[in-house]
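J.: 3D, please:
(one chain, ligands or ions: 1)
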Amino acid sequence: MKYAASVIDLVGDTPLVKLNHVTGDVKATVLVKLEYLNPGGSSKDRIATRIIDAAEREGKLKRGGTIVEPTSGNTGVGLALVAQQRGYRCVFVCPDKVGEDKRNVLKAYGAEVVVTPTSVAPDSPESYYSVSDRLAREIPGAFKPNQYENQNGPLSHYETTGPEIWRDTDERITHFVAGVGTGGTISGTGRYLKEVSGNRVRIIGADPEGSIYSGGGGRPYLVEGVGEDFWPGAYDPKQVDEIIEVTDAESFDMTRRLALEEGILVGGSSGMAVVAALKAAASLDEDAVVVVLLPDGGRGYLGKIFNDTWMDHHGFGEEPDESEVLTVRD
Ligand code: PMP
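T.: Numbers count the residues shown, from 1 in each chain. Model (predicted):
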């Protein structure tokens, strides 16, 4: 019989697939790594497994312990999934701007969700950060993973994502492209690929326009899960050769094209990474093998990127015709 002993054993070993339609005139082979095929639906299942394993080993998480983390997204799902299988309680803190569907996913896996007001300063006792710090102090046996600083995040990619890519490309990968959020994916995968190839593989980060990694001045952007306004400890700039800046409009257009032309339904940060990869690949020849990591699936964004009304509202729809423009100005 062929089966996994538990759902945790299905984390990782995600496949590569070639892009055939959105690539246009690009001569290089462009392969995408489908992280939405992880059991919790994103690359964050990898870090959750490693972070919890390490906390158990180091005695930071003991039988009956509680995981407390400010998160509303993929990291929460990964942590909730692993915690549930190992018998830990999870308390996640998220701001009230986070949609109900996202909170309900966390609850579905058995996590408790504490909602904090979005419109308070970070140092207010009511803020997302303050509340999670307080809960981590007050709950007996609490452990706070802190994905922005925890080195087990990049290590999980060093130990799994990097080797999978090296093996599946028959050691022929020449460029690796990933979006940068905490920086864990690019730093860990990048370090492995550089070491194993003797620095031959070029590591390229994709960043939303306005974020710190591409020197942005804090201009707001809508693509989720990537870009920062501070330097996290999970990011190691030594592993990154180049950062390519991508606008929301470019990211969302590519995200829709991936679903429509390649049959790959992914989130906005995946579209962003593909835009950066195609910009980098434009000057490469047919010997180049570019691997792009796509962190999560598109189902969490049906009300946004895949919703025409939302896209129009944010100015990403069709160009308005002249009469509409005049009406708006009046
Ligand atoms: N895309 C999405 C949707 C994410 O949730 C994340 C994680 N924040 C990333 C990209 C970036 O990954 P990392 O934190 O490893 O840089």
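
J.: could you work out the end-to-end span of stretch 198-207 for me?
T.: Stretch 198-207 stretches 26 Å from its first residue to its last (C-alpha to C-alpha, to the nearest Å).

J.: how far off centre is that stretch?
T.: Taking C-alpha atoms, centre = their mean, to the nearest Å, one finds the center of stretch 198-207 at 17 Å from the center of the full chain.

J.: do it and the ligand meet at all?
T.: No. Using C-beta under 6 Å from any ligand atom, stretch 198-207 never reaches the ligand; the gap is at least 8.6 Å. Every residue, glycine included, has its C-beta placed from N, CA and C.

J.: what average pLDDT does that stretch get?
T.: For stretch 198-207, mean pLDDT rounds to 98.

J.: quick one: mean pLDDT for stretch 316-330?
T.: pLDDT averaged over stretch 316-330 gives 53.

J.: an error on my part: the question was meant for stretch 240-256.
T.: 98.

J.: hey, which helix or strand in this structure has the poorest pLDDT?
T.: Across the helices and strands of the chain, mean pLDDT, DSSP states H and E gives its lowest value to helix 322-329, namely a mean of 44.

J.: for the stretch 101-250 of the chain, give the residue positioned nearest to the ligand.
T.: Of all residues in the stretch 101-250 of the chain, the one sitting closest to the ligand is residue 225 (2.5 Å; C-beta to the nearest ligand atom).

J.: and that residue, what is it in contact with?
T.: 73-74, 179, 181, 267-269, 295-296 (C-beta atoms under 8 Å, 6 or more residues apart in numbering).

J.: looking at the residues you listed, which are in strands?
T.: The strands, defined by DSSP state E, take in residue 179 from those.

J.: mind checking which of the contacts of residue 225 are in helices?
T.: 74, 268-269 (DSSP state H).

J.: ok, which of the residues you listed also contact the ligand?
T.: 74, 269.

J.: what's the closest of the ones in helices among the contacts of residue 225 to the ligand?
T.: residue 269 (3.3 Å).

J.: list the residues that contact that closest one.
T.: 179, 181, 206, 223-226, 251, 295-296.

J.: and if we set it to 6 Å?
T.: Under the criterion of C-beta atoms under 6 Å, 6 or more residues apart in numbering, the contact list for residue 269 reads 179, 223, 225-226, 295.

J.: same check on residue 74?
T.: Taking C-beta under 6 Å, 6+ apart as the test, what residue 74 contacts is 42, 44, 296.

J.: quick check: phi and psi at residue 205.
T.: phi -90, psi 140 (degrees, to the nearest 10).

J.: my guess is it contacts residue 186. True?
T.: Yes. With contact defined as C-beta atoms under 6 Å, residue 205 reaches residue 186; the gap is 5.3 Å.

J.: which of those two has more residues huddled nearby?
T.: Per other C-beta atoms under 10 Å, whichever of residue 205 and residue 186 has more neighbours is residue 186, with 32 against 28.

J.: doesn't that one fall inside a helix?
T.: Yes. The assignment for residue 186 (DSSP: H, G, I helix; E, B strand; the rest coil) places it in a helix.

J.: tell me who's in contact with it.
T.: 178, 180, 205, 240.

J.: among the residues you listed, who's most crowded?
T.: Of these, with other C-beta under 10 Å as the count, residue 178 tops at 34 neighbours.

J.: my guess is that one contacts residue 293. True?
T.: Yes. Using C-beta under 6 Å, residue 178 makes contact with residue 293 at a distance of 4.4 Å.

J.: helices of the stretch 51-200 of the chain, start to end?
T.: Assigned by DSSP state H, counting those that start in this stretch, the stretch 51-200 of the chain shows helices spanning 74-86, 100-108, 128-138, 152-156, 162-168, 184-197.
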